[in-house]
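S.K.: For reference, the sequence and a predicted model appear below.
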Amino acid sequence: MQSPDDLYDIYDDSVPPGLVMIHNLTGFLDAGAAGNTVVNHLLSSLESDLVVSFDIDSLYDYRARRPRMTFLTDHYGQIDLPELSVTMLRDQTGQPFLLMHGPEPDFGWQRFAAAVEEVVTEFDVQLVVGMHAVPWPAPHTRPIGVTAHSADSSLLAGRAPWVGDLEVPGHMTGLLEITLDAAGHRAMGFVAHVPHYLSGAEHPASSVALLENVISQTGLALPLDSLREAARKSDLEIDAQVRTSDDNLEAVRMLEVQYDAMLANRAPEASPFTDADLASGDDIAAQVEHFLAQRDAHGSD
């Protein structure tokens with residue numbers, strides 16, 4: 001493996017020690033764009049300075065995820081090239097923290113994970129927190145569930161698990177947590193449960209749930225008001241769409257009954273979901289998802 005040192009440049013070495021690093025990498029495990037919405041919200045709301053830039057050309061597959069480019073009548077204008085970086089921001093009390101954001105690497109996973117570990121060591125980061133989201137068999141009318149995960153059980157105190165043992169596709173967020181834990185760093189993550197009939201578009205309520213958990217875990221004073229307002233408006237729009245059809249009202253009601261029953265039977269040591277539960281949840285949600293897709297299609301005519 002090539003040296004991870006060559007994979008990044010440090011632009012500001014005056015970062016105070018002991019900061020929190022939050023991260024979200026787009027491209028996988030971001031249902032409802034929940035984590036990416038939090039990143040954009042923080043970058044647009046708080047002061048920020050570039051700290052670390054990663055060599056995106058060594059990590060990104062441009063042909064698999066082609067960046068957007070403009071053509072202006074008779075010439076090419078601009079191209080939106082991807083960036084993968086660490087930014088230092090200050091919360092509403094002036095407390096600095098780090099935010100790593102950009103696309104999940106296509107190449108050099110182990111090298112990138114080693115590079116991030118070097119950055120965490122260099123800046124003496126005291127806690128690394130990932131944010132991502134998955135589709136979940138839940139109705140939009142219930143509070144968004146969030147799974148917390150970490151190899152350090154002290155970081156999960158008071159948080160009951162949602163699922164048991166699973167085999168899932170590998171992803172950089174998980175590899176970072178494994179790599180950092182093996183190196184003796186404190187690392188954890190939060191996964192928002194996005195109603196799976198809404199996972200294909202932005203879902204601000206899931207972003208709010210992620211940010212609330214980050215705030216609770218880190219003590220950072222991060223802005224929430226505008227994100228909560230966006231979630232409120234989005235929920236009203238979804239409710240209005242669903243109410244136009246008795247069939248879909250019934251489908252959501254059935255999903256509510258199923259979800260509430262699973263919550264009632266939830267045990268800290270076991271998953272509340274059985275294979276049968278998931279299958280029926282998929283069937284119910286598929287009806288609502290199909291309806292909302294039709295509504296979107298009609299709205300764009």
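M.R.: Good, I have the coordinates. Residues are numbered from 1 along each chain as shown.

S.K.: Hmm, Q95 is touching A221, no?
M.R.: Yes. Under the criterion of CB atoms under 8 Å, Q95 makes contact with A221 at 7.0 Å. Backbone N, C-alpha and C define where each C-beta goes, glycine included.

S.K.: Those two: who's more crowded?
M.R.: Q95 (16 against 13; other CB atoms under 10 Å).

S.K.: For that one, report the pLDDT, please.
M.R.: Looking at Q95, its pLDDT stands at 98.

S.K.: now the one 4 residues further on
M.R.: L99 carries a pLDDT value of 99.

S.K.: helix, strand or coil for it?
M.R.: Assigned by DSSP: H, G, I helix; E, B strand; the rest coil, the conformation of L99 is strand.

S.K.: Just to check, it is in contact with V20?
M.R.: No. Counting by CB under 8 Å, L99 stays clear of V20, with 9.5 Å between them.

S.K.: contacting residues for T179?
M.R.: T179 sits next to 113-114, 116-117 when contact means CB atoms under 8 Å, 6 or more residues apart in numbering.

S.K.: Can you show me the helices along the stretch 51-200 of the chain?
M.R.: Taking DSSP state H, counting those that start in this stretch as the test, the helices found in the stretch 51-200 of the chain are 109-122, 172-182.

S.K.: what number of residues lie near the closest residue to M172 other than its chain neighbours?
M.R.: When the adjacent residues along the chain are set aside, M172 lies closest to E104, with 4.8 Å between them (CB to CB, 6 or more residues apart in numbering). Applying other CB under 10 Å, we find 22 residues neighbouring E104.

S.K.: ditto for S44
M.R.: Other residues near S44 come to 10 when the count uses other CB under 10 Å.

S.K.: G219 too?
M.R.: Residues contacting G219 under the criterion other CB under 10 Å number 11.

S.K.: Pass me the low-pLDDT residue ranges in the stretch 201-301 of the chain, would you?
M.R.: Scanning the stretch 201-301 of the chain for pLDDT under 70 picks out the ranges 266-301.

S.K.: For it, which segments are assigned as helices?
M.R.: Using DSSP H, counting those that start in this stretch, helices in the stretch 201-301 of the chain cover 204-218, 225-242, 246-264, 275-299.
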